[in-house]
Each structure stands twice: as structure tokens, then as C-alpha cells.
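Novice: Predicted model follows, preceded by the sequence.
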Amino acid sequence: MDHADGSGRRALKKAYVKSYGCQMNAYDAARMADVLGAEGYAPTDSVDEADVVVLNTCHIRERAAEKVYSELGRLRVLKNERTAKGLDTRIVVAGCVAQAEGAEIQARQPAVDVVVGPQSYHRLPDLLARSRERRVVDTEFPVEDKFDHLPRRRTLGASAFLTVQEGCDKFCAFCVVPYTRGAEVSRPVAKVLAEAEKLAEGGVREITLIGQNVNAYHGAGSDGAPVGLAELVQAVAKIPGLARIRYTTSHPNDFDDALIRAHAEVPALMPYLHLPVQSGSDRILAAMNRKHTGDAYRRLIDRIRAARPDIALSSDFIVGFPGETDADFAETLRLVRDIGFESAFSFKYSTRPGTPAADRTDQVTESVMAARLAELQALLDSRRYAYQRAAAGQVFDVLVEKPGRYPGQVAGKTPHLLAVQFDAAPHHIGSVVPVRIIEAGTNSLFGQLVSEAAAA
């Protein structure tokens, strides 16, 4: 309910939503804010003034889960302070930790009012209402499609995520996603296009199609037959106003010929690909249940680069998977040097309860994992810095997304997903403009607008 502010007037209810983890979580967090907005909750960046606090959680690594429990400890204190002032605060834990550890969350932190899994957050208003009588857990996989119950998005920028596929059937030995997100499910083409059209009408110029395993997309087409990601990309590319399309995250085993051709034939499909490989060792890849080899990955990259020679490649790596030897790790370093990734994310293996790898007795020590991670990251960083330095002097079409770090600046992305800052008026936000790169920083490029008249 609304509460009175200091002047005696009725103040709007406020909601604070914090997200951890992947792009899918970022999308879900934004949609939860939309659900709460439709119920009269204004968004706030201050947790101290929030009537509802939502933590949208990630369960991929142990550290991410423990961060949530630390945050809940601080929120319990805040809730008690607000209760003492006569202010009601509802605490919601959503996402993958909620799905995996619903009962444990309630046991460890009694201040939590609602625990809701990633397939049920469209029910948030009802769950909040029920929580006034008793604490609520909803981690079922509902029969209804949550997307049919979500309101229209309230806030849009120049770029937006659009979920097209959820869940995963791969069952990698280290991963909890099949257990927290469920089996692979693809949204029908018509529903994806309808949402994409609304985004474009709202001023979105770039859409990133997202899924836990997005290139396994097989949504029903107009005739009911399954449609692949390549055909979906082609359909989205025809929407007026859209300038750019991206997709993430992919699995090498679902990368078909049609998707490779799309990179050559669809101008709106950006020359950037995030394709996790996890390890360069065939022995470790087999133990991970990845069902591909290092050489199969190399051959796939060769075919993709033949179709789109300027494509920028990104990947994920796990070091210290149970049983990984120095020789196995050396194979990962060799693959990195062979491929030449423009960017990548590397992580120490994290034991996740309920996954096959968690039961192995040949766990790698923390000190060995740390040393390997440092060596791998140094190699990846050297490549990333070289790629960024090579951009100096080149002109890129940059989608301007937001104000820059300093007054008079704006910020955007190149087709290859490099962040760029440059001096320009804010009216360029939402436009694609040519920018000459004049300097490469550690995390972004600095450029100069080539021509005001050339803005798209």
C-alpha cells in the first residue's frame, strides 16, 4: 500500500530490483520491474526507500549464491529499521538461487517474504499479497507461458534484450541451469516478432536475442513447424527501425549451416559471437559432457570466419575442472592462441551441489586453480588489449546508447561490441553514427564523431 511522506501526502510505492549474473537475469529483472510498475510501484535506485526489494539471483558459481545471503543479512537490518518507523518492506528472492534453494533461503533468512523461481515471476503481485499472511515459495514450472502475462515494457533504451529461448538440455557436468531453468523451451516466432516490433516502435535500435542455449531455438512458425535461429534472425531483421541484431549464448553443437550463412547474408546481424568452449582439452571436454572436441571447435570457427571474416569472437573458460592436469590446461592455452579470441570470460571451477562434477574426488586445489586462472586471463587480456589498440585510427558505425561518463560525452558500441566514448550532443542517443577511434583505453575506446551530417 501507499505510505505517507513527510508532508502528509500519499507517496508512491517504490521497488528496488537488483540482478546478478547473466543477460537472461538482466532481462528477467527488467520484466519484474515492469510487473511491479503495473501494480503502482515506481522504480528506485535507493534500497533504503524501497517498499519491495527484489534480488534476482544467479546460481552458476558458489560465490554468486553467497553474495545473495550476505545481501539478505543487510536487508534484514534495513527491514527491521523500516518496520520500527511503521513502514512495510517486502523482501523477494527471485531467480536461480531461489529455484535451487527455496527452503534453505527461508531457513537461513526469515526476513525473506517471497521466494520465486525464474518461470513464475509474472505472479509477483499475487505472491506479494499472499505474503502478508505467510511467507511464500513458488518454484514450480507453471503450465502457462509467463510471457503471456507480462505487461508492456515501461522503459526502453537504444538497445534491449529479448528472450526467445529458455532452459537447457545439454547437462554439462558443472552446470545447474537444466535444474534451475528447466528443459529447453522456445517461444513461438509470432510472439517473438510481436515483442520485437513493440521494442522497435518504442525506439529500440538494437535487439539481442537471448537464451540459455539460444542457437537451439526451435520456435513454432506460422504453420506450426519449428523454425531455427537463422530464420528467426532473418524475420527480425525485416522489422522497420531496427538497425542491429545480436544473439547470446550459443553452444557449439547447435551451430548449424543456416546460422553460419546468416552471418554472411543478414547485414543487421552484427559481427560478434560469444561461443563458449570451456576447455581446450578433449579429455576435460568429455568429462564436462560438452560433446565436442577442441578440433571440432576450431573447424567450426574456421567456417564462421570464412562466412564473416571480420567477426569478433568471445568465449567462456573454466579452469580447474575436477581432474584437470597441467597438460590439460596447456591444451586450453593452445586453443586460445590458435583461435585468437577478441574477448573472453574465465572462471575457476565452482562446485555446484546436485551436478555430476560435484561428486568427483579429484577436485583441483584452490591454489592451482588461482595460478591457472591468472595465466589464462593474462593471455586473454593481452589479446583483448591488442585488438582494442588495433582499432585506433579506424572508423566504426557506433550505436549511441546513453550519456557518457563525463558531461558532453555519449557512449555506445561498435558492431564488434567494443565500448566507445566520444564528445557529442545527447540528441545522438538512439542513432548510429560514424566515429573515428583516436585512443584505446583499458576497458573502452575513445573516439571522435566523423560528421554530424552522417548520423543515421
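Specialist: Arrived safely, thanks for sending.
Novice: isn't residue 431 right next to residue 397, touching?
Specialist: No. Here residue 431 does not reach residue 397: they are 10.1 Å apart, not a contact under Cβ atoms under 8 Å. In this view, the C-beta of every residue, glycine as well, is placed from N, C-alpha and C.
Novice: Now do the phi/psi pair for the closest residue to residue 159 other than its chain neighbours.
Specialist: Among residues not flanking residue 159 along the chain, residue 206 sits closest, at 4.0 Å (Cβ to Cβ, 6 or more residues apart in numbering). Backbone geometry at residue 206, expressed as degrees, to the nearest 10, gives phi -130, psi 130.
Novice: Residue 206 and residue 245 touch, don't they?
Specialist: Yes. Using Cβ under 8 Å, residue 206 is in contact with residue 245, at 7.3 Å.
Novice: which neighbours do those two share?
Specialist: residue 270 (Cβ atoms under 8 Å, 6 or more residues apart in numbering).
Novice: so who does the nearest residue to residue 252 once chain neighbours are set aside touch?
Specialist: Take residue 252 and drop its neighbours on the chain: the residue closest to it by Cβ to Cβ, 6+ apart is residue 292, 4.9 Å away. Counting by Cβ under 8 Å, 6+ apart, residue 292 touches 252, 253, 285.
Novice: now residue 292, what's its secondary structure?
Specialist: coil (DSSP: H, G, I helix; E, B strand; the rest coil).
Novice: From residue 382, how far off is it?
Specialist: 26 Å (Cβ to Cβ, to the nearest Å).
Novice: can you give me the helices for the stretch 101-250 of the chain?
Specialist: 124-130, 177-180, 189-201, 229-236 (DSSP state H, counting those that start in this stretch).
Novice: Residue 346 is nearest to which of these?
Specialist: Nearest to residue 346 among the helices of the stretch 101-250 of the chain is helix 177-180; the distance by Cβ to Cβ comes to 18.7 Å.
Novice: how far out from the middle of the chain is that closest one?
Specialist: Relative to its parent chain, helix 177-180 has a centroid offset of 16 Å by Cα atoms, centre = their mean, to the nearest Å.
Novice: contacts for it?
Specialist: Contacts of helix 177-180 (Cβ under 8 Å, 6+ apart): 59-60, 96, 99-100, 117-118, 167-171, 212, 354-355.
Novice: List the buried residues of it.
Specialist: Neighbour-count burial for helix 177-180 flags 177, 178, 179, 180 (criterion: 16 or more other Cβ atoms under 10 Å).
Novice: mean confidence for that helix?
Specialist: Summarised as a single mean, pLDDT over helix 177-180 is 82.
Novice: same check, this time on stretch 206-218
Specialist: So the average pLDDT for stretch 206-218 ends up being 96.
Novice: can you give me the end-to-end distance of it?
Specialist: 22 Å (Cα to Cα, to the nearest Å).
Novice: repeat for stretch 122-135
Specialist: 18 Å.
Novice: what's it in contact with?
Specialist: 32, 35-36, 38-39, 52, 54, 90, 92, 106, 110, 112-116, 120, 136, 138, 142, 146, 149-150.
Novice: among those residues, which ones are buried?
Specialist: Here, 16+ other Cβ under 10 Å leaves 32, 35-36, 52, 54, 90, 92, 106, 112-116, 120, 136, 138, 146, 150 buried among those.
Novice: related to what we said a few turns ago, going through the contacts of helix 177-180, which ones are buried?
Specialist: 59, 60, 96, 99, 100, 117, 118, 167, 168, 170, 212, 355.
Novice: Tell me where the protein is predicted with low confidence.
Specialist: 1-11, 60-64, 141-144, 155, 452-456 (pLDDT under 70).
Novice: Scan it for its longest helix.
Specialist: helix 366-390 (DSSP state H).
Novice: I'd like to know which elements that helix is packed against.
Specialist: strand 312-319, helix 326-339, strand 343-348, strand 432-440 (3 or more Cβ pairs under 8 Å, 6 or more residues apart in numbering; DSSP states H and E).
Novice: Spit out the contact partners of residue 38.
Specialist: Residue 38 neighbours (Cβ under 8 Å, 6+ apart): 125, 151.
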